[in-house]
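In: I need the structure of the sequence given here:
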Amino acid sequence: MKRTYTYLIFTIISFFSISASSTDSVSTFYKDGAFVSQYQRKIKVSNKIVSAVTSDLVSDFHTTPGNLFNWALKDLGLQGHKDNELIIVLKSSINDPKTNVTHGLFDVVLPGLTSFNNIKMDGIIQKTNYANGQTKVTADIIYSSFVIKNALGTLTIIPLSNNEQLYISNLKIEFDWFFNLFITKRRYKTIVEWRIKKFTENMIDESEKRQKAVKSK
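Out: Model (predicted):
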């Protein structure tokens, strides 16, 4: 199975408190060696749909990560895309149900420059439902032998009025020293930022598709 493990961690996104803004925007700033990004958008779907879609996201990540490239990670231009400045090829991905840790092994290619093989990365993805109706899917890289020093992201879905939901993706990521030199702000936008927005849009598209299917019954 050849899929991009790191972008899965990148694009399933909070270190921060979330406010229910209606702004449809993506923003990034760089502080203390870390990139911090956020994208948010409102849509009309039910809490039941939100629960089902986020549960499937976590389930696929743990058991059938390749299926995510059919919906949550669809059209992200991954895995050897000709325009990529950085290519990450997943060689294996195994989830330990006892610890909830997913162990990934992959290669990193900088086209025209160099490649790094058999990089290990461990991550935890989990879903939390809160009493106020919020749903949060958290992705946390707890170990990386290279590429990333620290990374934490969440997809938070906040219920508003009239079955309206606010989808918010956040990512805070600090690269390893080598990639911190390579990943400039411009490269970050090319490699990571647009994928945060696209991932969120994919989650929204799947939610709206399921909502329409319910209404048509």
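
In: hang on, isn't Val26 packed against Tyr39?
Out: Yes. Using Cβ atoms under 8 Å, Val26 is in contact with Tyr39, at 4.2 Å. To be clear about C-beta, it is placed using only N, CA and C from the backbone, and glycine gets the same treatment.

In: intersection of neighbour lists for those two?
Out: Ile196, Lys197 (Cβ atoms under 8 Å, 6 or more residues apart in numbering).

In: ok, the two, which is more surrounded?
Out: Tyr39 (25 against 18; other Cβ atoms under 10 Å).

In: where's the one helix or strand that one maps to relative to the chain centroid, distance-wise?
Out: Here Tyr39, judged by DSSP states H and E, is contained in strand 34-44. Centroid displacement of strand 34-44 relative to its chain, using Cα atoms, centre = their mean, to the nearest Å, is 11 Å.

In: then stretch 54-69?
Out: On Cα atoms, centre = their mean, the centre of stretch 54-69 falls 12 Å from that of its chain.

In: Phe182 and Leu110 touch, don't they?
Out: Yes. Phe182 is within contact range of Leu110, at 7.1 Å (criterion: Cβ under 8 Å).

In: identify the bridge partners of Asp140.
Out: Ile124, Leu152 (DSSP bridges).

In: against Leu166, how distant is it?
Out: Using Cβ to Cβ, to the nearest Å, Asp140 is found at 22 Å from Leu166.

In: neighbour count winner among the two?
Out: Leu166 (20 against 16).

In: read off the pLDDT value for that one.
Out: Looking at Leu166, its pLDDT is 95.

In: distance between the helix or strand that Tyr30 is a member of and the chain's centre?
Out: In this structure, Tyr30 sits in strand 25-31 according to DSSP H and E. In terms of Cα atoms, centre = their mean, the centre of strand 25-31 is set 16 Å apart from its chain centre.

In: what about the residue of the chain positioned farthest from its centre, distance to Asp205?
Out: What lies farthest from the middle of the chain is Lys217; by Cα atoms, centre = their mean that is 31.7 Å. As judged by Cβ to Cβ, Lys217 and Asp205 stand 20 Å apart.

In: longest helix anywhere in this structure?
Out: helix 194-215 (DSSP state H).

In: compute the inter-axis angle for that helix and strand 34-44.
Out: 20 degrees (axes from the mean of the first three to the mean of the last three Cα atoms, to 10 degrees).

In: show the average pLDDT along helix 194-215.
Out: The pLDDT scores in helix 194-215 average 92.

In: in it, which residues are buried?
Out: Across helix 194-215, burial judged by 16 or more other Cβ atoms under 10 Å covers 195-204, 206-207, 210-211.

In: outside of it, which residues touch it?
Out: Residues contacting helix 194-215 (Cβ under 8 Å, 6+ apart): 7, 10-13, 26, 37, 39-41, 43-46, 49-50, 52-53, 57, 71-77, 155, 165, 167, 169, 171.

In: 7 Å - rerun?
Out: Applying Cβ atoms under 7 Å, 6 or more residues apart in numbering, the external contacts of helix 194-215 come out as 7, 10-13, 26, 37, 39, 41, 43, 45-46, 49-50, 52-53, 71-76, 155, 167, 169, 171.
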